[in-house]
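Colleague: when you get a sec, could you give me coordinates for this:
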Amino acid sequence: MTARRAQHGFTLLELLVALAIFAVLAAIAYTALNQVSSTRTHMQARSERLTALQMIFTVLGRDIEQGIGRWVRDEFGDAEPAMKGGGVGTNLLTLTRAGWRNPLGLPRSHLQRVAYVFADNKLLRQSWTVLDRGPGVLPHEETMLENVRAVELRFLDQARQWQGFWPPPGQDTAMPRAVEITIDLADWGRVTRLFRVPGP
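Modeller: Predicted coordinates for the structure are as follows:
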């Protein structure tokens with residue numbers, strides 16, 4: 001009498017159990033990978049936002065801290081203060097700054113007129129190639145920061161009093177002692193920075 005041959009392989013029940021375990025593990029792995037991907041995307045967006053915020057404050061600080069008391073003429077020929085800003089409107093801050101680099105040695109001034117404008121929830125920087133503008137001279141404009149709810153400015157005068165706009169009435173000082181800028185962001189709230197203005 002011959003011995004019955006041993007049977008090898010998986011039963012249907014064992015295959016179903018194995019497939020169920022694999023499905024559970026795959027679902028756990030997918031959830032973990034999806035969470036890692038979402039976290040990475042969120043952190044990258046926050047990093048880009050922080051970089052943009054640091055950039056605008058760096059550029060603002062550079063412009064303000066190199067401000068100089070040189071008034072200009074606008075496109076209508078009217079005199080415009082060396083620095084003006086604050087109050088109500090889209091034009092936040094306009095000033096003349098020194099230190100405009102000229103690596104190509106072009107025949108132009110080292111002074112530059114710049115302005116910061118708040119429009120459509122964006123903070124824009126404008127700059128002109130000439131100080132005293134004529135009709136049709138348009139600025140170069142770049143978007144510095146988006147998703148901005150509001151921007152507030154304060155100016156510290158020579159008597160160490162804060163002013164809501166510059167130049168204040170009754171004061172002929174070309175430049176304030178300092179400028180405080182508060183940017184209200186839709187995602188991060190209010191961020192304030194104080195910049196010193198060079199002076200005697």
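
Colleague: can you give me the helices in this protein?
Modeller: 12-65 (DSSP state H).

Colleague: any stretches of it with poor pLDDT?
Modeller: Applying pLDDT under 70 to the chain flags residues 1-10, 42, 88-89, 172, 200.

Colleague: all strands for it, in order.
Modeller: Listed in chain order, the strands of the chain (DSSP state E) span 72-73, 79-80, 83-86, 91-97, 112-119, 122-127, 140-146, 148-156, 162-163, 165-166, 178-185, 189-196.

Colleague: dump the ones you listed to TSV, plus mean neighbour count and distance to residue 62.
Modeller: To be clear about C-beta, it is placed using only N, CA and C from the backbone, and glycine gets the same treatment. TSV is the format used below for those (neighbours: other CB atoms under 10 Å; distance: least, CB to CB, whole Å):
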stretch	mean neighbour count	distance to residue 62
strand 72-73	16	19
strand 79-80	14	21
strand 83-86	21	15
strand 91-97	22	8
strand 112-119	20	10
strand 122-127	17	11
strand 140-146	14	12
strand 148-156	17	17
strand 162-163	14	23
strand 165-166	20	19
strand 178-185	19	13
strand 189-196	13	9
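
Colleague: how about residue 64, what does it touch?
Modeller: Counting by CB atoms under 8 Å, 6 or more residues apart in numbering, residue 64 touches 95, 97, 179, 195, 196, 197.

Colleague: follow-up on the earlier one: format the strands of the chain as CSV; extra columns: distance to residue 57.
Modeller: Below are those laid out as CSV (distance: least, CB to CB, whole Å):
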stretch, distance to residue 57
strand 72-73, 25
strand 79-80, 25
strand 83-86, 16
strand 91-97, 13
strand 112-119, 12
strand 122-127, 11
strand 140-146, 9
strand 148-156, 12
strand 162-163, 20
strand 165-166, 19
strand 178-185, 8
strand 189-196, 5
